[in-house]
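Trainee: here is a sequence together with a model predicted from it:
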Amino acid sequence: MVKSKIPFFLNRIPHAITMLFSIIVLVTVLTYILPAGTYERVLVDGRNTVVPNSYKTITSTPIGFLDMFRAIPLGFKAAVEIIFIVLAGGIMFGFMEKSKAVENAIGTLVKKLGLKNKHMIIVIMTFIYGLLGVAVGYENNIAMVPIAAVLSLALGGDLILAAGISVGAMTIGFGLSPINPYTVGTGHKIAELPMFSGAVLRSFLCFSALGVMAFYNVRYFKKITANPDKSLGQGLDVSELTLSKPIDQYRVTRQNWLVISIFILGLLAILYGVFNLHWYINELSAVFLIIALLCGLASRMNATMMSETVLKAVALAAPGAFMVGFATSIKVLMEMGNIGDTISYQLSTLLQGLPLYAAAISMSLAQTVINFFIPSGSGQALATLPVMLPLGDSLGLNSQITILAFQIGDGLSNLINPTLGGLIAMLSMCRVPIDRWVRFIFPVLIGVLSLAFLALIVAVATNYS
């Protein structure tokens with residue numbers, strides 16, 4: 001299912017900055033080509049939801065040369081919360097790394113399990129990170145990403161493998177989660193279906209896709225172990241992430257246990273806050289900073305050492321934080337040019353008249369395209385499902401199938417979506433640029449999409465509901 005050879009065009013992927021700037025220019029040009037348009041929206045439970053069949057063209061608002069560049073600082077302003085959580089997560093991990101707690105814990109884990117079980121460790125960790133995506137969320141797990149980096153390097157892998165274990169698994173787990181509140185939950189609410197119904201097929205698809213991710217991670221690990229020149233992680237900064245002594249010398253000290261306990265208690269506080277107190281990005285950032293401070297105190301760092309640790313951590317996290325703001329400027333341009341609704345409308349009209357199976361797959365592909373312009377799962381659901389659900393009914397697709405098609409298109413395209421701030425943020429936590437990430441993950445995307453489309457065909461054939 002997963003191809004071994006990377007397509008030739010992936011070797012020509014430009015640098016991440018070049019890629020994002022090209023999209024910025026493309027969106028700017030599109031504001032001169034596409035008519036500006038909008039759907040009417042009504043407030044439902046505090047959220048703006050699209051009114052079906054209400055699309056209308058409005059006066060075009062093409063973006064000028066100055067406004068194209070003005071959108072960049074506005075993007076940073078819009079993404080300030082995610083930018084800061086990248087910095088806060090980096091600071092927290094910087095303190096944990098300085099205390100040697102992470103290094104000693106990973107080294108001890110590998111020593112206990114044995115280096116001969118490397119492949120099993122990779123599979124288990126891929127599924128653990130996938131389950132975090134299924135049950136906990138996306139950006140909520142950002143603090144867990146650097147741990148995969150240390151683990152991967154300890155096993156003899158690279159930072160690309162670390163991203164596959166953590167970011168790849170969490171993206172698939174979150175994107176295909178049967179209990180995803182942003183896509184499935186919002187969709188079921190709009191369609192007035194039982195919340196999180198139809199979970200059996202979604203669960204099978206989700207765990208099968210995680211199996212593909214685990215298989216590919218092991219396969220990549222075998223390849224770079226046999227031939228290090230094939231590593232896509234060559235030249236990436238691994239400072240402060242590698243083990244500093246032989247595996248058999250590692251043990252977890254009492255001070256390390258104290259730091260690890262602080263980290264675990266912090267994660268438990270985050271889980272409680274997210275599910276019971278409606279915490280989001282800013283609250284998570286605050287907890288990360290509290291964990292960092294407590295880890296510094298537990299490690300008996302003086303004020304100067306703590307200050308230097310903060311600045312060093314910020315320096316390492318800064319490139320990723322910059323990329324988040326830069327990517328968000330694309331969303332700002334879409335809003336300035338008023339073409340987001342136009343793209344959704346035009347894609348929905350292309351689906352009319354298609355045969356049943358082709359309509360289901362094409363609906364998913366349409367959501368994939370829309371996702372690059374509206375990367376928020378709940379935002380995309382509120383913007384497109386009020387249009388897609390009646391369209392699906394007219395095509396012979398019930399609401400459950402339409403929502404599944406939406407979930408597949410939105411969730412899986414996030415694997416390579418350069419406009420998704422959460423993806424950029426988590427990749428930055430393991431120091432992987434998105435251009436190298438796309439080269440690595442593209443075969444997985446094709447394999448998992450094939451699996452998902454097969455599930456969609458089964459859903460249509462059985463009138464999944």
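Mentor: Ah, there it is.
Trainee: just the helices in the stretch 251-400 of the chain please.
Mentor: Remark: helices assigned in the stretch 251-400 of the chain by DSSP state H, counting those that start in this stretch are 254-276, 281-298, 303-337, 340-350, 356-371, 377-395, 399-413.
Trainee: of all the ones you listed, which one is nearest residue 70?
Mentor: Nearest to residue 70, of all these, is helix 303-337, at 8.8 Å by C-beta to C-beta. (Glycine included, C-beta is placed from N, CA and C.)
Trainee: and the next element down the chain from the helix or strand bottoming out on mean pLDDT in the chain?
Mentor: Ranked by mean pLDDT, DSSP states H and E, the weakest helix or strand in the chain is strand 47-50, scoring a mean of 76. Toward the C-terminus, strand 47-50 is succeeded by strand 56-57 as the next helix or strand (DSSP states H and E).
Trainee: from the contact counts, what lies against that following strand?
Mentor: Judged by 3 or more C-beta pairs under 8 Å, 6 or more residues apart in numbering; DSSP states H and E, strand 56-57 is in contact with strand 37-38.
Trainee: before we move on, back to that, adding distance to residue 248, write the helices of the stretch 251-400 of the chain out as JSON lines.
Mentor: Formatted as JSON lines, these follow (distance: least, C-beta to C-beta, whole Å):
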{"stretch": "helix 254-276", "distance to residue 248": "17"}
{"stretch": "helix 281-298", "distance to residue 248": "26"}
{"stretch": "helix 303-337", "distance to residue 248": "29"}
{"stretch": "helix 340-350", "distance to residue 248": "57"}
{"stretch": "helix 356-371", "distance to residue 248": "47"}
{"stretch": "helix 377-395", "distance to residue 248": "45"}
{"stretch": "helix 399-413", "distance to residue 248": "42"}
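Trainee: out of these, deepest packed?
Mentor: Highest mean neighbour count among the helices of the stretch 251-400 of the chain (mean count of other C-beta atoms under 10 Å): helix 399-413, with a mean of 26.
Trainee: alpha carbons of that helix, as PDB, please.
Mentor: C-alpha atoms of helix 399-413 as PDB (Å, rounded to 0.1, in the frame of the first residue of the first chain):
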ATOM      1  CA  SER A 399     -25.600  12.800   6.100                       C
ATOM      2  CA  GLN A 400     -23.300  10.300   7.900                       C
ATOM      3  CA  ILE A 401     -21.500   9.600   4.600                       C
ATOM      4  CA  THR A 402     -21.200  13.300   3.800                       C
ATOM      5  CA  ILE A 403     -19.600  13.900   7.200                       C
ATOM      6  CA  LEU A 404     -17.300  10.900   6.800                       C
ATOM      7  CA  ALA A 405     -16.200  12.400   3.400                       C
ATOM      8  CA  PHE A 406     -15.600  15.700   5.100                       C
ATOM      9  CA  GLN A 407     -13.600  14.200   7.900                       C
ATOM     10  CA  ILE A 408     -11.400  12.300   5.500                       C
ATOM     11  CA  GLY A 409     -10.700  15.300   3.300                       C
ATOM     12  CA  ASP A 410     -10.000  17.600   6.200                       C
ATOM     13  CA  GLY A 411      -8.200  15.200   8.500                       C
ATOM     14  CA  LEU A 412      -5.700  13.500   6.100                       C
ATOM     15  CA  SER A 413      -4.800  16.600   4.100                       C
END
